[in-house]
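# 3D, please:
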Amino acid sequence: SAASELKPFCVGPFRRTPKRTVLHLWDIYTSPVLSGGDVLTLLLLCSCLAAITGGLLYYWLAKTLDYSYDLCVQVACIYGSLMLLASFLCHPLRCVLTMTLPIACTKQGRKLLISASVMVLILNVIPNIALNFGVVAQILKCTTEGFTRSLLNSSRPLNKAKQDLVEETQRANLWSNINQLKQLAQLTNVDVSEVRVRFMEMIGQIEQNFSHTKGLLQKCLLLSNRILAALFVALLVFESLLYLKSYLSSVQFGSSSKELHKESAGDSAARPRCPVSYPRCGIRSHERSSCVIALLVVTLYFLAITLTVILDYVVYRVVDLILPWLLDFPSTSAIFDVRYELKTFAPFLCLIPSACRNWKPINFHRKYMWTYNPEPSLCEATASPPSRGVCVLLGCLCVMSYFLVFLEVYAKRLCRKICASFFREQEKKRMEHLRKKEKKVFTITVNERLDISSTVGLGQR
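Okay, here's the model as predicted:
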């Protein structure tokens, strides 16, 4: 007989003791009125709950939201003290705080995961795309600087040619030409140092403005992350309060005739405790429709995120392909061919026809080489590859969001179980309402059968 009694149970006698202990602690935690010995147990349970959630809050504030150490410690201590007093003294508030965990697995949890995915996208993927575009802009800027430097230095061969020409004229002892060439050299001599300094100042100002804009964007993102975190916590508490209010104000809230069969089946002693049948854990038809809508919304969000990640890879590949071409920009050479000839003759020699001829005191002909080099070898820039860790994190957040769509059904059922444990009188009223509703449906069914049978009997007569 003892073996037959233990056969329906799938847990051994040694494993029933921890289970009974947990059930006893849950009964103390959910009871509105306690005896003297259970008060200390409830205080210990509330203290553990406050300490654990306070530690998690400190980690969230310090590591994720980037608050200062002193502020995180103060907020965690204040929260732990208030949490201990509220959960120990106020029974409904204890129920609300307990329901925040399953409520986080509902629509609010999906919103948090999607918001976290968008934040990861904004803080990591989009800056990487901008960085790759910035690499191309840096190469173009460096190439432009090289071209500009070469262009500004193009006055050197010209000044060298003029200096050589002046020296050649000095050797010919033509003082009028020397004065003219010196004046030409003074007018055309280009000093490029001031232009180079102004050009470098302009580039430095552009980089400073870009750094300031980047820092301002990071501050705005951090502020928005903190605001979203505060809104998420407030929405969790508000959703829990709203659910508890609806549960206590109406016995028809979440009522279904199928739940009565589940409760009656769960209370029977002949039912095995270990296996879980499909009808008990299955998803109903109206729950499937809400899951389909939620799946579509999550798919749209993560489709946009996936397209952005693909864009990051495409930009990286394109930049990685065009960088060697930009860095291999060839230099251009130019040759200045300077010719200067001075022809003169003596008029008095023309009295003798054979002596009337021109002679060349100056015959200057030289070539000067000038190289137009963008100097791409001085440009140090490499494309930034997408982070695989970020892609894996976004994939995990996507999978968790899809998982929460189906988990929301069971989270709502868990919320009802928690409310039933804290407010047992209300659950009795609710189950009584379901029984009355079930009996009414059954009576209507019997009357319809009687009418049909009487009709058949009259037809036979």
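
# rest of the way, CA atoms for contacts and neighbours
Fine.

# who are the packing partners of the strand or helix carrying Leu407?
For Leu407, the element it lies in under DSSP states H and E is helix 388-422. Counting contacts by 3 or more CA pairs under 8 Å, 6 or more residues apart in numbering; DSSP states H and E, helix 388-422 is packed against helix 13-30, helix 91-104, helix 107-120, helix 193-249, helix 285-327.

# I'd like the average pLDDT over the longest one.
Looking at helix 193-249 alone, the average pLDDT works out to 77.

# relative to helix 107-120, how tilted is it?
170 degrees (axes from the mean of the first three to the mean of the last three CA atoms, to 10 degrees).

# who are the packing partners of helix 193-249?
helix 91-104, helix 107-120, helix 388-422.

# low-confidence regions, the stretch 51-200 of the chain specifically.
148-155, 172-196, 199 (pLDDT under 70).

# now with 50?
Residues of the stretch 51-200 of the chain meeting the criterion pLDDT under 50: 186-189.

# which stretches in it count as helices?
For the stretch 51-200 of the chain, the helices defined by DSSP state H, counting those that start in this stretch cover 69-89, 91-104, 107-120, 126-152, 155-172, 175-188, 193-249.

# so which bits of the third one are buried?
By neighbour count, and taking 16 or more other CA atoms under 10 Å as the criterion, the buried residues in helix 107-120 are 108-120.

# helices or strands up against that helix?
Against helix 107-120 (3+ CA pairs under 8 Å, 6+ apart) you get helix 193-249, helix 285-327, helix 388-422.

# ok, now with 10 Å
Using 3 or more CA pairs under 10 Å, 6 or more residues apart in numbering; DSSP states H and E, the elements in contact with helix 107-120 are helix 91-104, helix 193-249, helix 285-327, helix 388-422.

# can you tell me which of those is packed in deepest?
helix 91-104 (a mean of 20; mean count of other CA atoms under 10 Å).

# that one - contacts with which helices or strands?
In this structure, helix 91-104 packs against helix 13-30, helix 69-89, helix 107-120, helix 193-249, helix 388-422, with contacts taken as 3+ CA pairs under 10 Å, 6+ apart.

# same list (those) but as JSON lines, adding distance to Asp328.
Output for the helices and strands packed on helix 91-104, formatted as JSON lines (distance: least, CA to CA, whole Å):
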{"stretch": "helix 13-30", "distance to Asp328": "72"}
{"stretch": "helix 69-89", "distance to Asp328": "51"}
{"stretch": "helix 107-120", "distance to Asp328": "36"}
{"stretch": "helix 193-249", "distance to Asp328": "23"}
{"stretch": "helix 388-422", "distance to Asp328": "30"}
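
# before we move on, back to that, ok, the buried residues of helix 107-120 vs Leu321, which is closest?
Nearest to Leu321, judged by CA to CA, of the buried residues of helix 107-120 is Val120 at 26.9 Å.

# doesn't Val392 make contact with the closest one?
No: the pair Val120 / Val392 is not scored as a contact, 11.3 Å apart, by CA atoms under 10 Å.

# Glu287 reaches Leu407, doesn't it?
No: the pair Glu287 / Leu407 is not scored as a contact, 11.2 Å apart, by CA under 10 Å.

# Pro18: which of the helices of the stretch 51-200 of the chain is closest?
helix 91-104 (21.3 Å).

# got the angle for that closest one vs helix 69-89?
Going by the same axes, to 10 degrees, helix 91-104 makes 120 degrees with helix 69-89.

# now the angle between helix 13-30 and helix 91-104, please.
Going by the same axes, to 10 degrees, helix 91-104 makes 120 degrees with helix 13-30.

# may I have helix 91-104 as PDB, with CA atoms only?
What follows is helix 91-104 as a C-alpha-only set of coordinates in PDB (Å, rounded to 0.1, in the frame of the first residue of the first chain):
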ATOM      1  CA  HIS A  91       1.100  43.000   2.200                       C
ATOM      2  CA  PRO A  92      -0.300  44.300  -1.100                       C
ATOM      3  CA  LEU A  93       2.900  46.100  -1.900                       C
ATOM      4  CA  ARG A  94       4.800  42.900  -1.300                       C
ATOM      5  CA  CYS A  95       2.600  41.300  -3.900                       C
ATOM      6  CA  VAL A  96       3.200  44.100  -6.400                       C
ATOM      7  CA  LEU A  97       7.000  43.900  -5.900                       C
ATOM      8  CA  THR A  98       6.800  40.100  -6.400                       C
ATOM      9  CA  MET A  99       4.900  40.500  -9.600                       C
ATOM     10  CA  THR A 100       7.500  42.800 -11.200                       C
ATOM     11  CA  LEU A 101       9.700  39.800 -12.200                       C
ATOM     12  CA  PRO A 102       7.000  38.000 -14.300                       C
ATOM     13  CA  ILE A 103       5.700  41.400 -15.500                       C
ATOM     14  CA  ALA A 104       9.300  42.000 -16.900                       C
END
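
# of all the helices and strands packed on helix 107-120, which lies closest to Lys343?
Among these, helix 193-249 sits nearest to Lys343 (CA to CA), with 38.8 Å.

# how much distance is there from that closest one to the middle of the chain?
12 Å (CA atoms, centre = their mean, to the nearest Å).

# contacting residues for the spatially most central residue of the chain?
Nearest to the mean C-alpha position of the chain, by CA atoms, centre = their mean, lies Val120 at 1.8 Å. Val120 makes contact with Ile114, Ile126, Ile305, Val390, Cys391, Leu393, Leu394 under the criterion CA atoms under 10 Å, 6 or more residues apart in numbering.

# do that again at 7 Å, thanks
By CA atoms under 7 Å, 6 or more residues apart in numbering, the contact set of Val120 is empty.

# quick revisit: Throw the helices and strands packed on helix 193-249 into JSON lines and include distance to Tyr313, thanks.
Formatted as JSON lines, the helices and strands packed on helix 193-249 follow (distance: least, CA to CA, whole Å):
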{"stretch": "helix 91-104", "distance to Tyr313": "33"}
{"stretch": "helix 107-120", "distance to Tyr313": "16"}
{"stretch": "helix 388-422", "distance to Tyr313": "11"}
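
# so for Asp38, which of those sits nearest?
helix 91-104 (14.3 Å).

# now the closest one against helix 388-422, angle please.
140 degrees.

# from Ser384, how far off is the spatially closest residue to Ala381 that is not a sequence neighbour?
Of all residues beyond its chain neighbours, the one nearest Ala381 is Val135 (6.1 Å), with distances taken as CA to CA, 6 or more residues apart in numbering. From Val135 across to Ser384, the span is 8 Å (CA to CA, to the nearest Å).
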